[in-house]
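1. give me coordinates for this.
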Amino acid sequence: MEPHGEIDLRSFMDEERKNINLPRRLSFGAHQNSSEPKIQFTSPRQSSASATSIPLRPMSPETPWTLSPVRTSPSQPLLYHCIASLHRHEGNIFSITLTKDFIFTGSESKRIHVWKQPDCTEMGYIRASSGQVRAILACGRMLFTTHSDCKIRVWNVSITDNFRPKKITTLPQRNPFFMFPRKRSIQHRNIISCLAYNHEEKLLYTGSWDRTVKAWNVSEKHCVDSFVAHDGHVNAIVINEHDGCVFTCSSDGSVKIWRRVFGESSHILTMTLKFQLSPVNALALSLSQSICLLYSGSSDGLINFWEKEKTSGRYNHGGFLQGHHFAILCLVAIGDLVFSGSEDSTIRVWRREEGNCLHSCLSVIEGHHGPVRCLAASLESDNVVKSLLIYSASLDQTFKVWRVKIYPTEKPNLEDLVKDQQREAVEFEMSPVLSPSWVEKKLQGDHFQ
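-> Presented below is the predicted three-dimensional model:
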């Protein structure tokens, strides 16, 4: 494969600039538009050892459309730019979920905002009776949201010209006043922090800070199983749709694999993965015909990953990705790409090499001024140049949309990658820019609340 020259890069950049439509409605503050958006080329960094970048000049939170110099690299680059930025005054965004055409965001308020992909035009919002939407999940026409009253609300969000969502039910349902109270409450007793949906079994899984995981039959509107999963807060849940395994992680530092008993509604623990003492905050699953990888992000700044054996079905620890300076708060996996959001205010883009479990850090996306709380990603095109949209929300009260373009690269030499991993990594000192409000919360010790 012939490398792309400087002329090709500049022509591609000019084409990108022509295609950028700056959204006019994704803004609550007074913003000053510059003539061009932020565009950067970054070069891949080999190995799954630490990889850092020289920090760029911080971008003003009041000016999302910032012109920055184009950076070219001798190797095939990754191009990214921020195409939309929103500064919220209603509190932090806790959760993001995507459908084919729309974006849903949950925050501290009672409103669940709806945006259209990819131009980020606001479609409207859903108003609930309770706020603190910590987890949100879209599945087809259904939208699941969790609230401060420790309940789950299910919405019909069929998008039409007149956006009028309808609440289907609330889980658990309220008992009629004339019925005797239940002996054992099926409602979570603390914040519901995560959601996952098994399309095959039609089961909704919820994880909570009360250390339990519950499985709900949505069509029948009741809880079919509830079990204590961890010794600490349950922070994330993912499901392998191929075999039905349920993965959970917790602040107790463990990742656990659960399986539903055949013919029953109960679940059993099949394996515990524990390689660190730090709290595990995020999970992501990468599935393909040839490989299955589970990623976990923890408070020590590491991303551990496990590979599933084809014969035994066991998950073996494959290594870790090091680069973030503070806790990993969110993870997203699409194909051979992994996106990680961190307390250090950056987003890292990792790529797994074809045919093995070696990873390289393609880019460090900078622009937020506080911890990146949640991420979502969608694939625009997967041709010669892979194009993705990345949605990120930070505790600096900003919501940003990034367009990422990844050029194809020549297949690296495996021996060179192994040698590169064995070398001592030389890191640049990094000083993430954090908002004053976040620093105050960090000193008070309530930054994860």
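
2. quick one, helices of the stretch 301-449 of the chain?
-> Under the criterion DSSP state H, counting those that start in this stretch, the stretch 301-449 of the chain contains helices at 414-422, 436-444.

3. now the first one: mean pLDDT?
-> Pointing back at helix 414-422 there. Averaging pLDDT along helix 414-422 yields 51.

4. output the below-cut-off pLDDT ranges for the chain.
-> 1-76, 159-162, 175-185, 410-449 (pLDDT under 70).

5. what residues does the one residue sitting closest to the centre of it make contact with?
-> Nearest to the mean C-alpha position of the chain, by CA atoms, centre = their mean, lies residue 375 at 3.2 Å. Residue 375 makes contacts with 96, 330-332, 339-341, 347, 390-392, as judged by CB atoms under 8 Å, 6 or more residues apart in numbering. Every residue, glycine included, has its C-beta placed from N, CA and C.

6. which one of the residues you listed sits closest to residue 317?
-> residue 331 (16.5 Å; CB to CB).

7. give me every residue that touches the closest one.
-> 282-284, 295-297, 303, 338-341, 375.

8. returning to that earlier point: and the residue nearest to the centre of the chain, how far from residue 331?
-> 7 Å (CB to CB, to the nearest Å).

9. check residue 210 too.
-> For residue 210, the distance to residue 331 (CB to CB) stands at 23 Å.

10. ditto for residue 290
-> 21 Å.

11. residue 385 too?
-> From residue 385 to residue 331 the distance is 24 Å (CB to CB).

12. any idea how far apart the tips of stretch 354-372 sit?
-> 29 Å (CA to CA, to the nearest Å).

13. for that stretch, buried residues please.
-> Neighbour counts using 16 or more other CB atoms under 10 Å place 358-372 of stretch 354-372 among the buried residues.

14. and for stretch 300-316?
-> Buried-residue list, stretch 300-316, by 16+ other CB under 10 Å: 300-308, 315.

15. for stretch 104-119, same thing?
-> 104-118.

16. ends of it, how far apart?
-> Start-to-end, stretch 104-119 (CA to CA) is 14 Å.

17. count the neighbours of residue 272 for me.
-> Residue 272 has 10 neighbours, counted by other CB atoms under 10 Å.

18. partner residues bridging it?
-> residue 256 (DSSP bridges).

19. assess the claim that it and residue 255 are in contact.
-> Yes: with contact defined as CB atoms under 8 Å, residue 272 reaches residue 255; the gap is 7.5 Å.

20. mind checking which of the contacts of residue 331 are buried?
-> 282-284, 295-297, 303, 338-341, 375.

21. list the beta-bridge partners for residue 334.
-> residue 337.

22. ok, now which ones touch it?
-> Residue 334 touches 377, 379, 388, counting by CB under 8 Å, 6+ apart.

23. likewise residue 106?
-> Here residue 106 is in contact with 93-96, 112, 133-136, 145 (CB under 8 Å, 6+ apart).

24. switch the cut-off to 7 Å
-> Contacts for residue 106 (CB atoms under 7 Å, 6 or more residues apart in numbering) come out as 94-95, 112, 133, 136, 145.

25. among these, which ones are in helices?
-> Of the contacts of residue 106, none are assigned to helices by DSSP state H.

26. thinking again about what came up before, which of the buried residues of stretch 104-119 lies closest to residue 250?
-> residue 106 (21.4 Å).

27. taking the buried residues of stretch 104-119, tell me the two that lie furthest apart.
-> 110 and 118 (27.0 Å).

28. which non-adjacent residue is nearest residue 79?
-> residue 405 (4.2 Å; CB to CB, 6 or more residues apart in numbering).

29. what bridges to residue 392?
-> What pairs with residue 392, by the bridge criterion (DSSP bridges), is residue 375, residue 400.

30. that one is in contact with residue 347, isn't it?
-> Yes: if you go by CB atoms under 7 Å, residue 392 and residue 347 touch, sitting 5.9 Å apart.

31. shared neighbours, these two?
-> By CB under 7 Å, 6+ apart, the residues touching both residue 392 and residue 347 are 341, 372, 375.

32. related to what we said a few turns ago, can you list the contacts of residue 106 in JSON lines and add distance to residue 200?
-> Converted to JSON lines, the contacts of residue 106 look like this (distance: CB to CB, whole Å):
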{"residue": "94", "distance to residue 200": "28"}
{"residue": "95", "distance to residue 200": "24"}
{"residue": "112", "distance to residue 200": "27"}
{"residue": "133", "distance to residue 200": "27"}
{"residue": "136", "distance to residue 200": "22"}
{"residue": "145", "distance to residue 200": "23"}
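
33. which of these fall within strands?
-> The members of the contacts of residue 106 that map onto strands under DSSP state E are 94-95, 112, 136, 145.

34. for the residues you listed, which one is nearest residue 242?
-> Among the ones in strands among the contacts of residue 106, and counting by CB to CB, the member closest to residue 242 is residue 136, at 24.6 Å.

35. correct me, but the closest one touches residue 104?
-> Yes: with contact defined as CB under 7 Å, residue 136 counts as touching residue 104 (5.7 Å).

36. give me the common contacts of these two.
-> 97, 112.

37. let me know the closest of the buried ones among the contacts of residue 331 to residue 276.
-> For the buried ones among the contacts of residue 331, the nearest to residue 276 is residue 296 (8.7 Å; CB to CB).

38. okay, and the beta partners of the closest one?
-> Bridge pairing for residue 296 - DSSP bridges - gives residue 283, residue 304.

39. is it true that it touches residue 255?
-> Yes: counting by CB under 7 Å, residue 296 touches residue 255, with 5.2 Å between them.

40. shared neighbours, those two?
-> With CB under 7 Å, 6+ apart as the test, residue 296 and residue 255 both reach 249, 280.

41. got a list of what the residue nearest to residue 276 when sequence neighbours are not counted touches?
-> If the residues on either side of it in the chain are set aside, residue 276 comes closest to residue 298, at 5.4 Å by CB to CB, 6+ apart. Applying CB under 7 Å, 6+ apart to residue 298 gives the contacts 276, 278-281, 328.
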